[in-house]
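Chemist: When you get a sec, could you give me coordinates for this:
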Amino acid sequence: MTDLTGKRIAFLLTDGFEDSELTSPWDAVTSAGAEAVLVSPADGSVTGEKGHEQKIDLPVGSATADDFDALVLPGGVQNADDIRIVKDAVHFARAFFDQHKPVAVICHGGWILTEADVLTGRTLTSYPTLQTDLRNAGATWVDEEVHVDQGLVSSRNPDDLPAFNAKLIEEVAEGKHSGQTA
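Modeler: Okay, the predicted model is just below:
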């Protein structure tokens, strides 16, 4: 197994996330030795679509990409729609691209990347209902279990989590990618 000891990974989300899209990648990266940090515009804790509740570690207004090695954007319709209108969250997500750091996005999480204006010329996958939004943001959309484009890892839904987690760990271990840019 790949060792991620010493790596810090931000998970950016709010209420209404798809539970497994937080818990499965979280378990994967922490099992590989990384520190996972829940960043959110919410206060106290967040609750997923199926009731998983998790304490927030850091308010997004206090978070900086400088302090992390990678970013994970879980899906869930409510979560993704709510978080993409939070300016601090959008700036935080964009900063990972500006710093060429890995970003992993699943399901509806891609909506925040449209707001961050980082998709022009990129190829990614998502939940199928986002394909028009992602194309309109300049991306090429593909229907694949997992797709990696210069440090940007994307998957469609919870069924894809095993492949998503494997590529997330691989990209974090590789570190910065010169092609990972806004």
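Chemist: check which helix or strand covers the closest residue to P158 other than its chain neighbours.
Modeler: Among residues not flanking P158 along the chain, S20 sits closest, at 4.6 Å (C-beta to C-beta, 6 or more residues apart in numbering). All C-beta spots, glycine's among them, are computed from the backbone N, C-alpha and C. Using DSSP states H and E, S20 sits in helix 19-31.
Chemist: Buried residues of that helix, list them for me.
Modeler: 19-26, 28-29 (16 or more other C-beta atoms under 10 Å).
Chemist: Could I get the full set of strands for this structure?
Modeler: 8-12, 35-40, 45-47, 53-55, 58-59, 70-73, 103-106, 123-124, 140-141, 146-149, 152-155 (DSSP state E).
Chemist: mind putting those strands in TSV, mean neighbour count included?
Modeler: Listed next are those as TSV, based on neighbours: other C-beta atoms under 10 Å:
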stretch	mean neighbour count
strand 8-12	25
strand 35-40	20
strand 45-47	16
strand 53-55	13
strand 58-59	14
strand 70-73	27
strand 103-106	30
strand 123-124	20
strand 140-141	18
strand 146-149	20
strand 152-155	28
